[in-house]
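Colleague: My questions are about this predicted structure, shown below with the sequence.
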Amino acid sequence: YVLAAGLVLLALVAPSQAATLDVGAGRTYSTIQAAVNAAQAGDAIVVYPGTYNEQVNLPNGFGGGATTPIIIRAALPARQPLSGGAWASAPADRSIINGGGVRSYGFYNNAQTALASAVRNVVIDGFYFQDQINSALYFIDDPDIWVRNNMFVGAGGTGDDDSAIETNYTACTGWLIQNNYFESTSTRQTSAIGMNSPGSIVEFNHIKIAGTGDRRAFYYHSGSNNSVIRHNFIEFTISTALAWRFRDHVGDSFTHNFVKVAAGVTPAIFVWHENVQNNLNEAHIISYNTSLVLGNAGDAGLFHLGFQNNITANYNIFVGPTSGNPIYAFDEGWTGQAAGSGTMDHTVIHRLTGVRDPVLTGYTATNTQVVDPQVNAATGCAAGVDNAVYGANLSVSSIPYRKCDGSLYPFASKFGLGTPPTSPTGVTVN
């Protein structure tokens, strides 16, 4: 009798097991929102192929623990995962979050609240976002969100602050944006990533600036201190007025990225700057990147520095256009924003006038290598210099992006999770 009572008591206090909440036609839940409303820490929401005409609100307090996140994932990820495995190689296998040109967001929480009630410890994995009129993902003061294996195609508005992914305010820290594909269109997605929050990592993404109009890869605001942008493929297939903008913050690391400007496209302004001179000690690291400009030069420089102090920009490769205006690897931000300081050491330049525009008097350029690095436009690797020393050392010919010798870079992770989950039973794999 005592043993039986003990077993009853144990059953009453035992913690509930994490659940899998299936979403789709004929599944337990017909909408993602219904599954979100039912989810608890440690649960996985699995969204089966189909088009979901939803704007999914992650309510205040939604999320899991530090090692028990809530995972919201497509049954088959839209982009091939870094660890391999099944993915939605055919459009019919995608789980599509459709804005339809009428819904503002895909997943969002736009309530600025105390940190205790923030959305946190969430994985958003493998969706295909399209036609949101503001942002596919929009969050305010919500930390520790891992966004991976998604595709964002025309998934944002055309306003200055409209991005496929938009974070706001300093509590939105600890984001990991990993192995996603972004593509702007003629009608949507001003920026791929808009960040107004510190401590994020953006890695192994493919950002394609396409369509028409002014489109950007990044817009990082004043709250974006200590951001890491690495191992990304950033390509421009259209002329745009502002390629990216990092403004009024400190401590970024922008390394091992391959930037390609297509033939017939005018390079835009790739800028780090203070909007007005505030004498910040930016101390950004802008090193080990490869920039291949196949189009005509429409500006005096490629990377622009406006009122930037203590910048480290070493071991970069810049290949300029075959025709156009004289062009430098580094130039002032906007006119009159030449003041600043930093080093530009061991820069490889080809078909450029020089490393720095003479107006950048506070910067020193040393050990410049004037040589054709023979950058392969398809892979990003260089045949004319040592990839282990100069440039991005990033081959983008397959996923995961690798070093040019075929070895892997380490991947960041969160919540104690390793490789992405395997596909659930019953999903057709192409």
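Modeller: Looks like it arrived, so ask away. Remember, predicted model here, so these are calculated numbers, not experimental data. Numbering: from 1, shown residues only.
Colleague: Surely Ala116 forms part of a strand?
Modeller: No - using DSSP: H, G, I helix; E, B strand; the rest coil, the assignment for Ala116 is helix, not a strand.
Colleague: gap between it and Thr173?
Modeller: According to Cβ to Cβ, to the nearest Å, Ala116 and Thr173 sit 15 Å apart. Glycine gets a C-beta too; all of them are placed from N, C-alpha and C.
Colleague: between those two, who's got more neighbours?
Modeller: Between Ala116 and Thr173, counting by other Cβ atoms under 10 Å, Thr173 is the more crowded of the two (18 against 8).
Colleague: Next, give phi and psi for that one.
Modeller: The phi and psi torsions at Thr173 (degrees, to the nearest 10) take the values phi -90, psi 160.
Colleague: That one reaches Gly199, doesn't it?
Modeller: Yes - using Cβ atoms under 8 Å, Thr173 is in contact with Gly199, at 4.3 Å.
Colleague: So for Gly324, what's the pLDDT?
Modeller: Listed pLDDT for Gly324 reads 71.
Colleague: wait, it sits on Leu302?
Modeller: No - with contact defined as Cβ under 8 Å, Gly324 does not count as touching Leu302 (11.8 Å).
Colleague: Look at these two and report which has more neighbours.
Modeller: The residue with more neighbours, out of Gly324 and Leu302, is Leu302; 26 against 16, by other Cβ under 10 Å.
Colleague: Quick check: next helix or strand after the helix or strand harbouring the more buried one?
Modeller: Element membership for Leu302 (DSSP states H and E) is strand 301-306. Once strand 301-306 ends, the next helix or strand along the chain (criterion: DSSP H and E) is strand 308-312.
Colleague: Tell me the buried residues in that following strand?
Modeller: Residues Gln308, Asn309, Ile311 are the ones in strand 308-312 that count as buried (16 or more other Cβ atoms under 10 Å).
Colleague: I'd like these as TSV, with pLDDT and distance to Gly42 appended.
Modeller: Below are those laid out as TSV (pLDDT from 0 to 100; distance: Cβ to Cβ, whole Å):
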residue	pLDDT	distance to Gly42
Gln308	97	44
Asn309	97	45
Ile311	98	44
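Colleague: and the spatially closest residue to Ser197 that is not a sequence neighbour, what is it in contact with?
Modeller: Closest residue in space to Ser197, ignoring its immediate chain neighbours: Cys172 at 3.5 Å, by Cβ to Cβ, 6 or more residues apart in numbering. Cys172 is in contact with Phe139, Ile140, Asp141, Asp142, Pro143, Asn196, Ser197, counting by Cβ atoms under 8 Å, 6 or more residues apart in numbering.
Colleague: cutoff 6 Å now
Modeller: By Cβ atoms under 6 Å, 6 or more residues apart in numbering, the residues touching Cys172 are Phe139, Asp141, Asp142, Ser197.
Colleague: same deal with Phe415?
Modeller: Taking Cβ under 6 Å, 6+ apart, one finds Thr67, Pro69 in contact with Phe415.
Colleague: can you check Gly106 too?
Modeller: Ile97, Phe129, Gln132, Ala136.
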